[in-house]
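>>> Sequence below, structure please.
(chains A and B)
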Amino acid sequence: MFGKGIRIEGLRKRYGKGDTALDALKGVDMQVAPGEVVGLIGPSGSGKSTLLKCLGAVIEPTAGRMTLGEEVIYDDGWKIPDLRALRRDKIGFVFQAPYLIPFLDVTDNVALLPMLAGHPNAESRKRALELLEALDVAHRAKAMPSQLSGGEQQRVSIARALVNRPPVILADEPTAPLDSERALAVIRILNQMARQYETAIIVVTHDEKIIPTFKRIYHIRDGKTQEEAGEGRAFE
Amino acid sequence: MISLAGRDILHSWGKFVFTGVGLGLLIGVTLTMAGVYRGMVDDAKVLLDNSGADLWVVQQDTLGPYAEPSSLYDDVYRTIRGMPGVDRAANITYLTMQVRQGERDVRAMVVGVVPGGPGEPGQPGYLIAGRQITRSHYEAVADVATGFKLGERIQIRRNHYAVVGLTRRMVSSGGDPMVFIPLKDAQEAQFLKDNDAIAQQRRRTAGNPAFNRPGTPGLLDAVLASQSINPYINSVLVQVKPGFSPEEVAKPIRRWKRLQVYTRVQMEEILIGKLIATAAKQIGMFLVILAIVSAAIVAFIIYTLTLGKIREIAVLKLIGTRNRTIAGMIMQQALGLGLIGFVVGKISATFWAPIFPKYVLLEPGDALLGFAGVFVICALASVLAIRAALKVDPAEAIGG
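Predicted structure coming up:
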């Protein structure tokens, strides 16, 4: 077990000041347990990206509280001092496009994070290879990103997100460029990894193909979230 | 931690190598410009070294014989020989002109020397082929840079000379190769007129009543005879006796002979500080401009390469890469580019320097200075790209 999930309470984010101020988040509540994969859906301009950036410690919320496991990240204007280290060690990211570093091979793309955290190169690569094995892309370990298929690239990016054993992974439209079969394969992998590594995974998506697979879904509208039970349809 | 810069360079090595080669050619030009200046200074020093003189006796109030015209009577050397501390003294003339050989002509400094052997002031110090001038007329020793060969006949003014010896690295301060001929021929060559001009001069002299007096027979002939000879030389080169300092020998010559005397140090100051000063400033300006152009090119290349990696930089920042790691990556790439450029530049300059018509002296010290300069320029040039990279918002990786 690598953490105790993520919890946010009354999260607010205001852009600008005075008459031009815009409240993107108006008191968002959310909780994702370790090993759980939840969907976050909502129309454009609903505050989805702002919420993702707050969760990813990329921008700071104006108010509210966020805890990651036992650790308080934000609390009504207070924040932990080193958000960069937090992103590196405790949050994994999976993007719409894999955004692998083009000049590093598959192993080093995954091993880069532990290396940045100060782990020895050999140990980092060993950890990366274990994950690549688990994600069934170990045979492409020495390949460059440009030599991989879209699905392989996405699996490598999932391995990168998992390599530092973060308590939470944020996946931003991870299946958008994939066909149904590959999209479901990615969701299957995310669920499998969430269970295996006790990681809370939040998947931001518009993808109708994968929405029915979530057991729990957060709808975001006008800067507020509403929790719904999902279909939790079997995809295996 | 792996080297991100090294991996990026290895991944897109073609782009780096070709850019480095382009930059290297520019650095090669910069090193060559420095070499041209060093070559000019070396030419000046070689000119002084090869003259074999400790003192240069020239016309009063002139900077002769190289920087300004100087004219002395050719018998002055006799009285100088009698001065205390003087070991040897020899007349010399210098005249830069076109020397013909067959259908071609070569820009050369024609040096008039008293026929003798090596060791005499003004004589070519050593030969690589043939022998020294032994006759008083129509023999020449040429620097190999003239392209003349032993036994060839060359033409200076109206007279022809046989090349009897070849020497090397005997050049003027301007880099023109030297051709040594006997002093009397050189004196004649300096003021030699064509036949029509001589006839015209004789007619004009004869028509002047002051020179053609009926009551003074022989005056006209004497005047005409004086017009047909040149008793002048440009300088007397002096070697001092062991145990005497050049300055202590120069002082009495200045005082009692009413002539200007320069020591080796003073002559070097004249040549480097005055004769080639403008050319040196010109080259200095070129060096400054080339350095600025190189910096601008490196800055532009690194900036463009960085802009092409904005998404990767955003991802690196999002996953927790330190700013100094990203800045280090960009600076290392700039320095890598500089290293490739310097190696290419040094090799290029070494290969093309001998092809230059004038002497290009590539000194290791200049190369080291250039190496340091390239690194400083590349480091400074990368600042723009580093600023751009550090401004990248990690949120760009998320989009939205």
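>>> Could you find the closest non-adjacent residue to B:Q332?
Spatial nearest neighbour of B:Q332, chain neighbours left out: B:A5 (3.5 Å); criterion: CB to CB, 6 or more residues apart in numbering or on different chains. C-beta here means a position set from N, CA and C on the backbone, and glycine is covered the same way.
>>> Touching, the one you found and B:A327? I think so.
No. Using CB atoms under 8 Å, B:A5 is not in contact with B:A327, being 10.6 Å away.
>>> mind showing which ranges of chain A have poor pLDDT?
A:1-3, A:234-236 (pLDDT under 70).
>>> most centrally placed residue in it?
Centroid check for chain A by CA atoms, centre = their mean gives A:L170 as the closest residue, at 1.2 Å.
>>> Contacts only, for it.
A:52, A:55-56, A:91-94, A:201-202, A:204 (CB atoms under 8 Å, 6 or more residues apart in numbering or on different chains).
>>> what are the pairing partners of whichever strand or helix holds it, and which direction each?
Element membership of A:L170 [criterion: DSSP states H and E] is strand A:168-172. Here strand A:168-172 has these sheet partners by DSSP bridges: strand A:91-94 (parallel), strand A:200-204 (parallel).
>>> what secondary structure does the residue nearest to B:Q332 sit in?
helix (DSSP: H, G, I helix; E, B strand; the rest coil).
>>> Just give me the neighbour total for residue 83.
Went with chain A since none was named. Neighbour count for A:L83, taken as other CB atoms under 10 Å in any protein chain shown: 19.
>>> right idea, wrong chain: chain B
B:M83: 18 neighbours (other CB under 10 Å).
>>> quick one: contacts for it?
Going by CB under 8 Å, 6+ apart, B:M83 touches B:249, B:252-253, B:256-257.
>>> how does it look with 6 Å?
B:M83 sits next to B:252-253 when contact means CB atoms under 6 Å, 6 or more residues apart in numbering or on different chains.
>>> Not counting its neighbours along the chain, what's nearest the closest residue to chain A within the stretch 201-350 of chain B?
Closest residue of the stretch 201-350 of chain B to chain A, CB to the nearest CB: B:G320 (2.4 Å). Nearest residue to B:G320, sequence neighbours excluded (CB to CB, 6+ apart): A:R88, at 2.4 Å.
>>> would you say that neighbour is within a helix?
Yes. Counting by three-state DSSP, A:R88 is located in a helix.
>>> any idea which element B:I297 lies in?
Assigned by DSSP H and E, B:I297 falls in helix B:277-307.
>>> Over to B:Q98?
Per DSSP H and E: B:Q98 is located in strand B:86-101.
>>> Just checking the distance from that strand to the centre of its chain.
Relative to the centre of its chain, strand B:86-101 is centred 19 Å away, using CA atoms, centre = their mean, to the nearest Å.
>>> Going by neighbour count, which residues in that strand are buried?
For strand B:86-101, a neighbour-count test (16 or more other CB atoms under 10 Å in any protein chain shown) marks B:86, B:88-95, B:97, B:99, B:101 as buried.
>>> Counting by contacts, list what the next helix or strand after it packs against.
Counting by DSSP H and E, the next helix or strand C-terminal to strand B:86-101 is strand B:104-113. For strand B:104-113, the packing partners by 3 or more CB pairs under 6 Å, 6 or more residues apart in numbering or on different chains; DSSP states H and E come out as strand B:86-101, strand B:178-182, helix B:183-191.
>>> Swap in 10 Å and give it another go.
With contacts taken as 3 or more CB pairs under 10 Å, 6 or more residues apart in numbering or on different chains; DSSP states H and E, strand B:104-113 sits against helix B:13-51, strand B:86-101, strand B:139-143, strand B:153-156, strand B:178-182, helix B:183-191.
>>> Could you list the buried residues of the longest one?
When neighbours are counted by 16+ other CB under 10 Å, the buried residues of helix B:13-51 are found to be B:16, B:19-20, B:22-44, B:46-48, B:50-51.
>>> hang on, the earlier thing: does the residue nearest to B:Q332 touch B:G328 like I think?
Yes. Taking CB atoms under 10 Å as the definition, B:A5 is a contact partner of B:G328 at 7.3 Å.
>>> who has more neighbours, the two?
Relative neighbour count places B:A5 above the other of B:A5 and B:G328, with 19 against 15, counting by other CB under 10 Å.
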